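Undergrad: pasting a predicted model and its sequence here:
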Amino acid sequence: MSEVPPAKPRPENAKRAASGAAWITAEMVTIQGTSFLVFAAMAHFISPADIGLISICLAIIFISKTLFIDNFGYAVIRKADAAPVEYTTAFWLTILFSIFGFFVIEAAAGLAQRLFGIADLALVLREMGVIVLVMGLARTHEWWMYRHFEFRSLAIRGAVGAIVGGAIGLALAVTGYGAMALVVQQVVTFTVSLAALWLVCPWRPTFAISWTLGREILRFMFHTTPGGIIGIINQTCDTMLIAYFFGPANTGIYSVGKRLRLSLQLVAGAPINGIIMPTLADSQRDEERLKHVLLSSTTLVCAICAPLFIGASAISNDAVPLLFGARWAAAAPVFAWLAIGGLMSVMIGYNDSIFIIKGKPIWTFYVSMIYTFLAIAGFIIFARLGHSYLAIPFVLPFFVTLPMSIWLTSLLTNFTFERWLRATIPSLGSAVFMFIAVRLLSGQLEAMAAANRLAVLCPFGAVIYISSLAIVGPGTTRALLRVGRDITRPRSSVLATTGAHEPPIKRDVDHI
(Lines give C-alpha, C1' and ligand atoms only; values in the text may rest on other atoms or scores of the structure.)
Protein backbone atom coordinates (compact mmCIF):
# COMPACT_ATOMS: atom_id res chain seq x y z
CA MET A 1 0.00 0.00 0.00
CA SER A 2 2.86 2.36 0.65
CA GLU A 3 5.51 1.20 -1.76
CA VAL A 4 8.06 3.93 -2.45
CA PRO A 5 9.99 3.42 -5.70
CA PRO A 6 13.69 4.20 -5.63
CA ALA A 7 14.79 7.45 -7.23
CA LYS A 8 17.61 7.81 -9.66
CA PRO A 9 20.63 8.80 -7.61
CA ARG A 10 22.61 11.94 -8.33
CA PRO A 11 26.06 11.06 -6.99
CA GLU A 12 27.49 14.56 -6.50
CA ASN A 13 24.42 16.18 -4.99
CA ALA A 14 23.48 12.98 -3.17
CA LYS A 15 26.65 12.96 -1.10
CA ARG A 16 26.31 16.64 -0.29
CA ALA A 17 22.63 16.18 0.60
CA ALA A 18 23.46 13.34 2.98
CA SER A 19 26.01 15.44 4.81
CA GLY A 20 23.73 18.47 4.68
CA ALA A 21 20.70 16.70 6.11
CA ALA A 22 22.80 15.23 8.90
CA TRP A 23 24.09 18.71 9.82
CA ILE A 24 20.58 20.17 9.61
CA THR A 25 19.48 17.50 12.06
CA ALA A 26 22.43 18.25 14.32
CA GLU A 27 21.70 21.98 14.17
CA MET A 28 18.02 21.58 14.99
CA VAL A 29 18.65 19.09 17.79
CA THR A 30 21.42 21.22 19.30
CA ILE A 31 19.64 24.57 19.05
CA GLN A 32 16.21 23.34 20.03
CA GLY A 33 17.60 20.99 22.66
CA THR A 34 19.62 23.78 24.25
CA SER A 35 16.77 26.29 24.00
CA PHE A 36 14.31 23.79 25.39
CA LEU A 37 16.47 22.86 28.38
CA VAL A 38 17.14 26.52 29.13
CA PHE A 39 13.46 27.36 28.83
CA ALA A 40 12.45 24.46 31.08
CA ALA A 41 14.96 25.62 33.70
CA MET A 42 13.93 29.27 33.42
CA ALA A 43 10.25 28.35 33.78
CA HIS A 44 10.96 27.37 37.40
CA PHE A 45 12.08 30.96 38.14
CA ILE A 46 9.86 33.05 35.83
CA SER A 47 6.12 33.53 36.21
CA PRO A 48 3.56 32.61 33.54
CA ALA A 49 2.72 36.32 33.23
CA ASP A 50 6.32 37.21 32.33
CA ILE A 51 6.55 34.41 29.79
CA GLY A 52 3.22 35.54 28.37
CA LEU A 53 4.56 39.09 28.04
CA ILE A 54 7.60 37.91 26.07
CA SER A 55 5.41 35.69 23.91
CA ILE A 56 3.31 38.68 22.89
CA CYS A 57 6.46 40.63 21.97
CA LEU A 58 7.82 37.71 19.96
CA ALA A 59 4.53 37.41 18.11
CA ILE A 60 4.80 41.08 17.10
CA ILE A 61 8.42 40.58 16.02
CA PHE A 62 7.37 37.56 14.00
CA ILE A 63 4.82 39.74 12.20
CA SER A 64 7.57 42.22 11.28
CA LYS A 65 9.91 39.40 10.20
CA THR A 66 7.31 37.85 7.92
CA LEU A 67 6.27 41.15 6.35
CA PHE A 68 9.67 42.78 5.91
CA ILE A 69 12.33 40.06 5.75
CA ASP A 70 11.36 36.54 4.68
CA ASN A 71 9.92 37.09 1.22
CA PHE A 72 13.17 38.49 -0.20
CA GLY A 73 14.85 35.17 0.50
CA TYR A 74 11.97 33.20 -0.98
CA ALA A 75 12.16 35.29 -4.15
CA VAL A 76 15.75 34.12 -4.66
CA ILE A 77 15.64 30.58 -3.29
CA ARG A 78 12.64 29.57 -5.40
CA LYS A 79 14.81 29.72 -8.53
CA ALA A 80 16.72 26.74 -9.84
CA ASP A 81 19.82 28.97 -10.16
CA ALA A 82 20.37 32.38 -8.58
CA ALA A 83 23.15 34.76 -9.64
CA PRO A 84 25.31 36.58 -7.06
CA VAL A 85 23.75 39.89 -7.99
CA GLU A 86 20.36 38.50 -6.98
CA TYR A 87 21.64 37.72 -3.48
CA THR A 88 23.19 41.18 -3.24
CA THR A 89 20.02 42.89 -4.38
CA ALA A 90 17.94 40.81 -1.97
CA PHE A 91 20.36 41.66 0.85
CA TRP A 92 20.05 45.43 0.51
CA LEU A 93 16.29 45.26 0.09
CA THR A 94 16.13 43.12 3.24
CA ILE A 95 18.23 45.64 5.17
CA LEU A 96 16.06 48.53 4.00
CA PHE A 97 12.83 46.82 4.96
CA SER A 98 14.16 45.48 8.28
CA ILE A 99 15.07 49.06 9.28
CA PHE A 100 11.55 50.10 8.39
CA GLY A 101 10.17 47.19 10.43
CA PHE A 102 12.30 48.21 13.41
CA PHE A 103 10.93 51.75 13.41
CA VAL A 104 7.37 50.46 13.01
CA ILE A 105 7.81 48.37 16.17
CA GLU A 106 9.34 51.27 18.09
CA ALA A 107 6.52 53.57 17.06
CA ALA A 108 3.71 51.07 17.69
CA ALA A 109 4.91 49.83 21.10
CA GLY A 110 2.81 52.32 23.05
CA LEU A 111 -0.29 51.47 21.02
CA ALA A 112 0.27 47.76 21.69
CA GLN A 113 0.46 48.39 25.44
CA ARG A 114 -2.80 50.36 25.42
CA LEU A 115 -4.51 47.72 23.27
CA PHE A 116 -3.61 44.77 25.51
CA GLY A 117 -3.62 46.70 28.77
CA ILE A 118 -0.40 45.02 29.93
CA ALA A 119 2.09 47.02 31.96
CA ASP A 120 5.66 47.18 30.63
CA LEU A 121 4.66 45.79 27.23
CA ALA A 122 5.90 48.90 25.41
CA LEU A 123 9.22 48.91 27.25
CA VAL A 124 9.93 45.23 26.60
CA LEU A 125 8.82 45.44 22.96
CA ARG A 126 11.11 48.39 22.25
CA GLU A 127 14.05 46.57 23.84
CA MET A 128 13.40 43.49 21.71
CA GLY A 129 12.86 45.46 18.49
CA VAL A 130 16.58 45.29 17.71
CA ILE A 131 16.07 41.60 16.91
CA VAL A 132 14.41 42.64 13.64
CA LEU A 133 17.57 44.47 12.56
CA VAL A 134 19.73 41.48 13.49
CA MET A 135 17.52 39.11 11.52
CA GLY A 136 17.68 41.42 8.50
CA LEU A 137 21.47 41.33 8.56
CA ALA A 138 21.52 37.54 8.78
CA ARG A 139 18.76 36.34 6.46
CA THR A 140 20.41 36.61 3.05
CA HIS A 141 23.62 35.02 4.34
CA GLU A 142 21.56 32.11 5.68
CA TRP A 143 19.95 31.58 2.29
CA TRP A 144 23.34 31.71 0.57
CA MET A 145 24.77 29.14 2.99
CA TYR A 146 21.85 26.78 2.45
CA ARG A 147 22.25 26.95 -1.30
CA HIS A 148 25.99 26.21 -1.09
CA PHE A 149 25.71 23.29 1.35
CA GLU A 150 27.51 25.05 4.21
CA PHE A 151 25.41 23.23 6.78
CA ARG A 152 28.24 22.42 9.17
CA SER A 153 29.05 26.09 9.64
CA LEU A 154 25.37 26.94 10.07
CA ALA A 155 24.96 24.24 12.69
CA ILE A 156 27.96 25.44 14.68
CA ARG A 157 27.01 29.12 14.64
CA GLY A 158 23.43 28.30 15.64
CA ALA A 159 24.62 26.16 18.53
CA VAL A 160 27.00 28.88 19.73
CA GLY A 161 24.23 31.48 19.76
CA ALA A 162 21.80 29.20 21.60
CA ILE A 163 24.36 28.18 24.23
CA VAL A 164 25.67 31.70 24.94
CA GLY A 165 22.21 33.29 24.98
CA GLY A 166 20.77 30.47 27.06
CA ALA A 167 23.54 30.61 29.65
CA ILE A 168 23.20 34.37 30.12
CA GLY A 169 19.40 34.24 30.22
CA LEU A 170 19.38 31.42 32.76
CA ALA A 171 21.87 33.21 34.99
CA LEU A 172 19.67 36.32 34.99
CA ALA A 173 16.51 34.28 35.63
CA VAL A 174 18.05 32.57 38.67
CA THR A 175 19.03 35.95 40.13
CA GLY A 176 15.47 37.26 39.80
CA TYR A 177 15.43 39.40 36.65
CA GLY A 178 12.13 37.91 35.45
CA ALA A 179 11.01 39.04 32.00
CA MET A 180 14.27 40.92 31.45
CA ALA A 181 16.14 37.61 31.59
CA LEU A 182 14.09 36.43 28.60
CA VAL A 183 14.69 39.69 26.74
CA VAL A 184 18.45 39.44 27.16
CA GLN A 185 18.41 35.78 26.17
CA GLN A 186 16.65 36.54 22.90
CA VAL A 187 18.83 39.50 21.95
CA VAL A 188 22.10 37.76 22.84
CA THR A 189 21.12 34.56 20.99
CA PHE A 190 20.34 36.39 17.76
CA THR A 191 23.34 38.72 18.00
CA VAL A 192 25.90 35.98 18.70
CA SER A 193 24.43 33.86 15.89
CA LEU A 194 24.73 36.83 13.51
CA ALA A 195 28.37 37.45 14.42
CA ALA A 196 29.23 33.78 13.97
CA LEU A 197 27.36 33.66 10.65
CA TRP A 198 29.26 36.61 9.19
CA LEU A 199 32.54 35.07 10.33
CA VAL A 200 31.95 31.70 8.64
CA CYS A 201 30.08 32.83 5.51
CA PRO A 202 32.48 33.57 2.61
CA TRP A 203 29.85 35.54 0.68
CA ARG A 204 29.82 39.31 1.14
CA PRO A 205 27.32 41.73 -0.34
CA THR A 206 28.61 44.34 -2.74
CA PHE A 207 27.03 47.53 -4.04
CA ALA A 208 26.34 45.95 -7.44
CA ILE A 209 22.57 46.19 -7.20
CA SER A 210 20.31 45.35 -10.13
CA TRP A 211 17.27 47.58 -10.21
CA THR A 212 15.64 45.21 -12.69
CA LEU A 213 16.07 42.30 -10.30
CA GLY A 214 14.96 44.51 -7.44
CA ARG A 215 11.70 45.26 -9.22
CA GLU A 216 11.26 41.56 -9.94
CA ILE A 217 11.75 40.72 -6.25
CA LEU A 218 9.32 43.44 -5.20
CA ARG A 219 6.74 42.14 -7.69
CA PHE A 220 7.15 38.69 -6.18
CA MET A 221 6.61 40.21 -2.74
CA PHE A 222 3.51 41.99 -3.99
CA HIS A 223 2.01 38.66 -5.05
CA THR A 224 3.01 36.82 -1.86
CA THR A 225 2.13 39.55 0.64
CA PRO A 226 -1.63 38.79 0.80
CA GLY A 227 -0.87 35.19 1.73
CA GLY A 228 1.80 36.42 4.12
CA ILE A 229 -0.64 38.71 5.91
CA ILE A 230 -3.17 35.95 6.39
CA GLY A 231 -0.33 33.65 7.39
CA ILE A 232 0.68 36.16 10.03
CA ILE A 233 -2.85 36.29 11.35
CA ASN A 234 -3.28 32.54 11.56
CA GLN A 235 0.12 32.05 13.21
CA THR A 236 -0.25 34.82 15.77
CA CYS A 237 -4.00 35.19 16.27
CA ASP A 238 -3.95 32.54 19.00
CA THR A 239 -1.39 34.42 21.12
CA MET A 240 -3.01 37.79 20.44
CA LEU A 241 -6.57 36.66 21.18
CA ILE A 242 -5.60 34.87 24.38
CA ALA A 243 -3.54 37.85 25.50
CA TYR A 244 -6.36 40.30 24.80
CA PHE A 245 -9.15 38.30 26.45
CA PHE A 246 -7.33 36.31 29.15
CA GLY A 247 -4.21 38.31 30.03
CA PRO A 248 -0.50 37.49 30.10
CA ALA A 249 -0.67 34.63 32.66
CA ASN A 250 -2.93 32.47 30.49
CA THR A 251 -0.90 33.56 27.48
CA GLY A 252 2.17 32.19 29.24
CA ILE A 253 0.47 28.84 29.88
CA TYR A 254 -0.62 28.62 26.27
CA SER A 255 2.85 29.66 25.10
CA VAL A 256 4.48 26.76 26.94
CA GLY A 257 2.35 24.32 24.96
CA LYS A 258 3.05 26.21 21.76
CA ARG A 259 6.78 26.31 22.51
CA LEU A 260 6.87 22.54 22.95
CA ARG A 261 5.07 22.06 19.66
CA LEU A 262 7.47 24.41 17.90
CA SER A 263 10.46 22.45 19.19
CA LEU A 264 9.00 19.25 17.81
CA GLN A 265 8.16 20.94 14.54
CA LEU A 266 11.69 22.20 14.00
CA VAL A 267 13.54 19.08 15.15
CA ALA A 268 11.27 16.59 13.39
CA GLY A 269 10.25 18.54 10.32
CA ALA A 270 13.33 20.56 9.40
CA PRO A 271 15.69 17.76 8.26
CA ILE A 272 13.16 16.57 5.66
CA ASN A 273 10.51 19.24 5.21
CA GLY A 274 13.20 21.92 5.09
CA ILE A 275 14.51 20.61 1.77
CA ILE A 276 11.17 20.81 0.01
CA MET A 277 11.59 24.17 -1.72
CA PRO A 278 14.88 23.54 -3.58
CA THR A 279 13.92 19.94 -4.29
CA LEU A 280 10.68 20.93 -5.96
CA ALA A 281 12.39 23.80 -7.77
CA ASP A 282 14.93 21.36 -9.15
CA SER A 283 12.27 18.84 -10.20
CA GLN A 284 9.61 21.17 -11.58
CA ARG A 285 10.59 20.65 -15.23
CA ASP A 286 10.33 16.86 -14.96
CA GLU A 287 6.74 15.90 -14.18
CA GLU A 288 7.51 12.24 -13.56
CA ARG A 289 10.30 13.05 -11.17
CA LEU A 290 8.11 15.65 -9.46
CA LYS A 291 5.42 13.04 -8.87
CA HIS A 292 7.99 10.72 -7.37
CA VAL A 293 9.34 13.49 -5.11
CA LEU A 294 5.82 14.25 -3.89
CA LEU A 295 5.00 10.63 -3.12
CA SER A 296 8.24 9.69 -1.42
CA SER A 297 8.76 12.90 0.56
CA THR A 298 5.14 12.91 1.77
CA THR A 299 5.64 9.33 2.92
CA LEU A 300 8.81 10.16 4.80
CA VAL A 301 7.55 13.38 6.38
CA CYS A 302 4.49 11.60 7.74
CA ALA A 303 6.41 8.48 8.83
CA ILE A 304 8.86 10.54 10.88
CA CYS A 305 6.59 13.30 12.18
CA ALA A 306 3.40 11.36 12.95
CA PRO A 307 4.79 9.21 15.80
CA LEU A 308 6.63 12.17 17.33
CA PHE A 309 3.71 14.58 17.37
CA ILE A 310 1.02 12.05 18.23
CA GLY A 311 3.27 10.29 20.73
CA ALA A 312 4.10 13.60 22.42
CA SER A 313 0.39 14.31 22.70
CA ALA A 314 -0.10 10.94 24.39
CA ILE A 315 2.43 11.62 27.17
CA SER A 316 1.72 15.34 27.67
CA ASN A 317 0.03 14.95 31.06
CA ASP A 318 3.21 13.45 32.50
CA ALA A 319 5.85 15.31 30.50
CA VAL A 320 4.78 18.94 30.96
CA PRO A 321 4.62 19.06 34.80
CA LEU A 322 7.80 17.01 35.05
CA LEU A 323 9.74 19.35 32.78
CA PHE A 324 8.40 22.73 33.87
CA GLY A 325 7.07 22.20 37.37
CA ALA A 326 3.65 21.57 38.86
CA ARG A 327 2.42 25.14 38.30
CA TRP A 328 2.58 24.52 34.55
CA ALA A 329 0.29 21.45 34.63
CA ALA A 330 -2.45 23.49 32.92
CA ALA A 331 -0.25 23.62 29.80
CA ALA A 332 -0.46 19.82 29.36
CA PRO A 333 -3.90 19.66 27.66
CA VAL A 334 -2.91 22.71 25.59
CA PHE A 335 0.15 20.91 24.29
CA ALA A 336 -1.77 17.68 23.72
CA TRP A 337 -3.99 19.47 21.22
CA LEU A 338 -1.29 21.66 19.68
CA ALA A 339 0.92 18.65 18.98
CA ILE A 340 -1.80 17.22 16.72
CA GLY A 341 -2.10 20.58 15.00
CA GLY A 342 1.68 20.72 14.59
CA LEU A 343 1.68 17.55 12.50
CA MET A 344 -0.96 18.93 10.16
CA SER A 345 0.85 22.28 10.01
CA VAL A 346 4.01 20.57 8.76
CA MET A 347 2.04 18.88 5.99
CA ILE A 348 0.27 22.07 4.96
CA GLY A 349 3.60 23.90 4.91
CA TYR A 350 4.86 21.27 2.48
CA ASN A 351 1.97 22.01 0.12
CA ASP A 352 2.57 25.76 0.44
CA SER A 353 6.03 25.19 -1.06
CA ILE A 354 4.39 23.50 -4.04
CA PHE A 355 2.09 26.48 -4.54
CA ILE A 356 5.08 28.84 -4.65
CA ILE A 357 7.03 26.65 -7.06
CA LYS A 358 4.03 26.37 -9.37
CA GLY A 359 3.39 30.11 -9.32
CA LYS A 360 0.24 29.93 -7.18
CA PRO A 361 1.21 31.62 -3.91
CA ILE A 362 -2.28 33.12 -3.78
CA TRP A 363 -3.58 29.64 -2.97
CA THR A 364 -1.68 29.79 0.31
CA PHE A 365 -3.62 32.97 0.96
CA TYR A 366 -6.95 31.21 0.36
CA VAL A 367 -6.12 28.27 2.62
CA SER A 368 -4.77 30.56 5.34
CA MET A 369 -7.80 32.84 5.12
CA ILE A 370 -10.16 29.92 5.68
CA TYR A 371 -8.05 28.69 8.59
CA THR A 372 -8.08 32.13 10.18
CA PHE A 373 -11.84 32.54 9.85
CA LEU A 374 -12.50 29.11 11.37
CA ALA A 375 -9.96 29.66 14.18
CA ILE A 376 -11.42 33.01 15.24
CA ALA A 377 -14.98 31.66 15.05
CA GLY A 378 -13.95 28.63 17.09
CA PHE A 379 -12.23 30.80 19.68
CA ILE A 380 -15.46 32.70 20.29
CA ILE A 381 -17.16 29.38 21.08
CA PHE A 382 -14.48 27.54 23.05
CA ALA A 383 -13.10 30.50 25.02
CA ARG A 384 -16.11 30.31 27.31
CA LEU A 385 -15.03 26.87 28.49
CA GLY A 386 -11.77 28.04 30.09
CA HIS A 387 -8.04 27.92 29.38
CA SER A 388 -7.92 24.11 29.11
CA TYR A 389 -9.87 24.42 25.87
CA LEU A 390 -8.02 27.40 24.41
CA ALA A 391 -5.96 25.27 22.00
CA ILE A 392 -8.91 23.45 20.43
CA PRO A 393 -10.12 26.28 18.14
CA PHE A 394 -6.60 26.60 16.72
CA VAL A 395 -6.36 22.90 15.86
CA LEU A 396 -9.82 21.97 14.55
CA PRO A 397 -9.52 24.20 11.43
CA PHE A 398 -6.63 22.02 10.22
CA PHE A 399 -9.13 19.21 9.64
CA VAL A 400 -10.69 21.42 6.97
CA THR A 401 -7.65 23.20 5.54
CA LEU A 402 -5.38 20.14 5.22
CA PRO A 403 -7.75 18.27 2.85
CA MET A 404 -8.27 21.51 0.96
CA SER A 405 -4.50 22.00 0.62
CA ILE A 406 -4.09 18.43 -0.64
CA TRP A 407 -6.84 18.94 -3.21
CA LEU A 408 -5.26 22.14 -4.50
CA THR A 409 -1.90 20.37 -4.75
CA SER A 410 -3.51 17.65 -6.85
CA LEU A 411 -4.74 20.29 -9.31
CA LEU A 412 -1.15 21.45 -9.88
CA THR A 413 0.70 18.13 -9.88
CA ASN A 414 -1.74 15.27 -10.48
CA PHE A 415 -0.73 14.03 -7.03
CA THR A 416 -4.20 12.74 -6.21
CA PHE A 417 -5.83 12.45 -2.81
CA GLU A 418 -5.70 8.67 -3.26
CA ARG A 419 -1.92 8.84 -3.62
CA TRP A 420 -1.69 11.05 -0.56
CA LEU A 421 -3.69 8.53 1.46
CA ARG A 422 -1.48 5.72 0.19
CA ALA A 423 1.57 7.63 1.36
CA THR A 424 0.26 8.58 4.81
CA ILE A 425 -2.29 6.05 6.08
CA PRO A 426 0.26 3.43 7.26
CA SER A 427 2.12 6.00 9.38
CA LEU A 428 -0.97 7.81 10.64
CA GLY A 429 -2.76 4.56 11.48
CA SER A 430 0.26 3.18 13.32
CA ALA A 431 0.69 6.44 15.26
CA VAL A 432 -3.00 6.51 16.31
CA PHE A 433 -2.75 2.89 17.44
CA MET A 434 0.35 3.83 19.44
CA PHE A 435 -1.52 6.76 21.02
CA ILE A 436 -4.35 4.50 22.22
CA ALA A 437 -1.95 1.88 23.56
CA VAL A 438 0.14 4.47 25.44
CA ARG A 439 -2.90 6.13 27.00
CA LEU A 440 -4.30 2.76 28.10
CA LEU A 441 -1.00 1.71 29.65
CA SER A 442 -0.60 5.10 31.32
CA GLY A 443 -3.91 4.58 33.09
CA GLN A 444 -2.59 1.32 34.52
CA LEU A 445 0.60 2.96 35.82
CA GLU A 446 -0.91 5.85 37.79
CA ALA A 447 0.73 4.71 41.01
CA MET A 448 4.20 5.21 39.51
CA ALA A 449 6.14 8.47 39.67
CA ALA A 450 5.86 10.58 36.50
CA ALA A 451 9.52 10.10 35.54
CA ASN A 452 9.29 6.34 35.92
CA ARG A 453 6.03 6.23 34.01
CA LEU A 454 7.57 8.15 31.11
CA ALA A 455 10.58 5.80 31.15
CA VAL A 456 8.14 2.97 30.47
CA LEU A 457 5.72 4.72 28.11
CA CYS A 458 8.27 6.16 25.65
CA PRO A 459 10.01 2.91 24.63
CA PHE A 460 6.67 1.10 24.77
CA GLY A 461 5.17 3.59 22.31
CA ALA A 462 8.20 3.33 20.00
CA VAL A 463 7.93 -0.46 19.89
CA ILE A 464 4.20 -0.32 19.19
CA TYR A 465 4.66 2.18 16.33
CA ILE A 466 7.56 0.39 14.66
CA SER A 467 5.87 -3.00 14.91
CA SER A 468 2.58 -1.70 13.56
CA LEU A 469 4.26 0.17 10.70
CA ALA A 470 6.29 -2.90 9.73
CA ILE A 471 3.02 -4.82 9.35
CA VAL A 472 0.78 -2.28 7.59
CA GLY A 473 3.43 -0.25 5.74
CA PRO A 474 6.44 -2.32 4.69
CA GLY A 475 7.25 0.11 1.88
CA THR A 476 7.32 3.02 4.30
CA THR A 477 9.51 1.01 6.67
CA ARG A 478 12.00 0.30 3.90
CA ALA A 479 12.08 3.99 2.95
CA LEU A 480 12.87 4.93 6.57
CA LEU A 481 15.62 2.35 6.72
CA ARG A 482 17.15 3.80 3.54
CA VAL A 483 17.11 7.27 5.06
CA GLY A 484 18.80 6.05 8.24
CA ARG A 485 21.40 4.17 6.23
CA ASP A 486 22.14 7.11 3.97
CA ILE A 487 22.55 9.56 6.85
CA THR A 488 25.14 7.31 8.44
CA ARG A 489 26.85 6.65 5.09
CA PRO A 490 27.62 10.02 3.45
CA ARG A 491 28.40 8.49 0.08
CA SER A 492 24.70 7.86 -0.41
CA SER A 493 21.84 10.31 -0.50
CA VAL A 494 20.13 10.88 2.79
CA LEU A 495 17.00 11.50 0.80
CA ALA A 496 17.69 9.37 -2.20
CA THR A 497 14.04 8.47 -2.09
CA THR A 498 13.14 12.11 -2.56
CA GLY A 499 15.93 13.17 -4.89
CA ALA A 500 16.34 16.16 -2.62
CA HIS A 501 19.18 18.57 -2.14
CA GLU A 502 20.10 22.07 -1.06
CA PRO A 503 17.85 22.47 1.95
CA PRO A 504 16.81 25.84 3.33
CA ILE A 505 14.82 26.02 6.54
CA LYS A 506 11.95 28.21 7.56
CA ARG A 507 12.59 29.33 11.10
CA ASP A 508 10.16 30.86 13.53
CA VAL A 509 11.37 33.66 15.75
CA ASP A 510 10.31 32.01 19.01
CA HIS A 511 13.52 30.83 20.68
CA ILE A 512 12.36 31.22 24.28
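TA: Structure received. Remember, predicted model here, so these are calculated numbers, not experimental data. Numbers count the residues shown, from 1 in each chain.
Undergrad: please work out which residues outside stretch 316-334 touch it.
TA: Identification of contacts with stretch 316-334 by C-beta atoms under 8 Å, 6 or more residues apart in numbering yields 40, 43-44, 48, 253-254, 256-258, 260, 312, 335-336, 339, 387-388, 390-391, 442, 450-451, 453-454, 457. C-beta: built from backbone N, CA, C; applies to glycine.
Undergrad: just the buried ones among these, please.
TA: Among the contacts of stretch 316-334, the ones that count as buried by 16 or more other C-beta atoms under 10 Å are 40, 43, 48, 253-254, 256-258, 260, 312, 335-336, 339, 387, 390-391, 442, 450, 453-454, 457.
Undergrad: quick one: which of these sit in helices?
TA: 40, 48, 253-254, 256-258, 260, 312, 335-336, 339, 442, 450, 453-454, 457 (DSSP state H).
Undergrad: phi and psi next, for the closest residue to Asn234 other than its chain neighbours.
TA: Sequence neighbours aside, Thr372 is the residue nearest to Asn234 in space, at 4.4 Å (criterion: C-beta to C-beta, 6 or more residues apart in numbering). With angles defined as degrees, to the nearest 10, Thr372 sits at phi -60, psi -40.
Undergrad: separation between Thr372 and Ala455?
TA: For Thr372, the distance to Ala455 equals 41 Å [C-beta to C-beta, to the nearest Å].
Undergrad: more neighbours: which of the two?
TA: Thr372 (20 against 12; other C-beta atoms under 10 Å).
Undergrad: can you tell me how far that one is from Phe394?
TA: With distances taken as C-beta to C-beta, Thr372 is found 10 Å from Phe394.
Undergrad: joint contacts of the two?
TA: Shared contacts of Thr372 and Phe394, defined by C-beta under 8 Å, 6+ apart, comprise Cys237.
Undergrad: elements contacting the helix or strand where Ile425 lies?
TA: Ile425 belongs to helix 417-444 when assigned by DSSP states H and E. Judged by 3 or more C-beta pairs under 8 Å, 6 or more residues apart in numbering; DSSP states H and E, the packing partners of helix 417-444 are helix 287-314, helix 398-413, helix 450-472, helix 474-488.
Undergrad: can I get the ones you listed in a markdown table including distance to Ile156?
TA: Output for the helices and strands packed on helix 417-444, formatted as a markdown table (distance: least, C-beta to C-beta, whole Å):
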| stretch | distance to Ile156 |
| --- | --- |
| helix 287-314 | 24 |
| helix 398-413 | 35 |
| helix 450-472 | 30 |
| helix 474-488 | 19 |
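Undergrad: so which residue of this structure lies furthest out from the middle?
TA: Distance from the centre of the chain peaks at Ala447, with 36.2 Å (C-alpha atoms, centre = their mean).
Undergrad: about what we covered before: angle of the helix holding Ile425 against helix 287-314?
TA: Counting by axes from the mean of the first three to the mean of the last three C-alpha atoms, to 10 degrees, helix 417-444 lies at 20 degrees to helix 287-314.
Undergrad: how much space separates Ile406 from Leu260?
TA: Taken as C-beta to C-beta, the span from Ile406 to Leu260 is 26 Å.
Undergrad: before we move on, what about Thr34?
TA: 15 Å.
Undergrad: what does stretch 189-199 rub up against?
TA: So stretch 189-199 is contacted by 35, 131, 134-135, 137-138, 141-142, 145, 154, 156-158, 160-162, 164-166, 169, 511 (C-beta under 8 Å, 6+ apart).
Undergrad: on that earlier part again, just say which of the helices and strands packed on helix 417-444 is most tucked in.
TA: helix 287-314 (a mean of 23; mean count of other C-beta atoms under 10 Å).
Undergrad: helix or strand right after that one?
TA: Next helix or strand after helix 287-314 toward the C-terminus (DSSP H and E): helix 316-324.
Undergrad: what's the mean pLDDT across that following helix?
TA: On average, the pLDDT along helix 316-324 is 91.
Undergrad: run the chain-centre distance for it.
TA: In terms of C-alpha atoms, centre = their mean, to the nearest Å, the centre of helix 316-324 is found 22 Å from the chain centre.
Undergrad: ok, now which ones touch Pro397?
TA: So Pro397 contacts Ile370, Tyr371, Leu374, Ala375, Gly378 (C-beta under 8 Å, 6+ apart).
Undergrad: for the third one, which non-adjacent residue is closest in space?
TA: For Leu374, ignoring the flanking residues on the chain, the nearest one in space by C-beta to C-beta, 6+ apart is Pro397 at 3.7 Å.
Undergrad: quick one: least confident helix or strand in the chain?
TA: In the chain, no helix or strand scores lower on mean pLDDT, DSSP states H and E than helix 276-283, which sits at a mean of 59.
Undergrad: filter the contacts of stretch 189-199 to the buried ones?
TA: Neighbour counting over these (16+ other C-beta under 10 Å) leaves 35, 131, 134-135, 137-138, 141-142, 145, 154, 156-158, 160-162, 164-166, 169, 511 as the buried ones.
Undergrad: identify those among those residues that sit within strands.
TA: Nothing among the buried ones among the contacts of stretch 189-199 maps onto strands, per DSSP state E.
Undergrad: select from these every entry located in helices.
TA: Within those, residues falling in helices by DSSP H are 35, 131, 134-135, 137-138, 141-142, 145, 154, 156-158, 160-162, 164-166, 169.
Undergrad: which elements pack onto the helix or strand harbouring Ser55?
TA: Taking DSSP H and E as the definition, one finds Ser55 inside helix 48-65. Judged by 3+ C-beta pairs under 8 Å, 6+ apart, the packing partners of helix 48-65 are helix 84-116, helix 121-128, helix 130-147, helix 179-200, helix 211-273.
Undergrad: need those in TSV with mean pLDDT, can you?
TA: Putting those into TSV (pLDDT from 0 to 100) gives the following:
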stretch	mean pLDDT
helix 84-116	89
helix 121-128	92
helix 130-147	86
helix 179-200	90
helix 211-273	79
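Undergrad: return the most buried member of those helices.
TA: Stretch with highest mean neighbour count among the helices and strands packed on helix 48-65: helix 130-147 (a mean of 22; mean count of other C-beta under 10 Å).
Undergrad: by contact count, what packs against that helix?
TA: For helix 130-147, the packing partners by 3+ C-beta pairs under 8 Å, 6+ apart are helix 48-65, helix 71-77, helix 84-116, helix 151-174, helix 179-200.
Undergrad: of all the ones you listed, which lies closest to Leu218?
TA: Across the helices and strands packed on helix 130-147, Leu218 has its closest neighbour in helix 84-116 (7.4 Å, C-beta to C-beta).
Undergrad: ok, the nearest residue to Ile168 once chain neighbours are set aside - contacts?
TA: Distance criterion C-beta to C-beta, 6+ apart; nearest residue to Ile168, sequence neighbours excluded, is Val188 at 5.3 Å. Residues in contact with Val188 (C-beta under 8 Å, 6+ apart) are Gly161, Val164, Gly165, Ile168, Gly169.
Undergrad: from those, which is closest to Leu111?
TA: Minimum distance to Leu111 across the contacts of Val188 is 27.7 Å, recorded for Gly169 (C-beta to C-beta).
Undergrad: per-residue pLDDT, that closest one?
TA: pLDDT, the model's per-residue confidence, is 91 for Gly169.
Undergrad: from Phe324, how far out is it?
TA: Between Gly169 and Phe324 the distance is 16 Å, computed by C-beta to C-beta.
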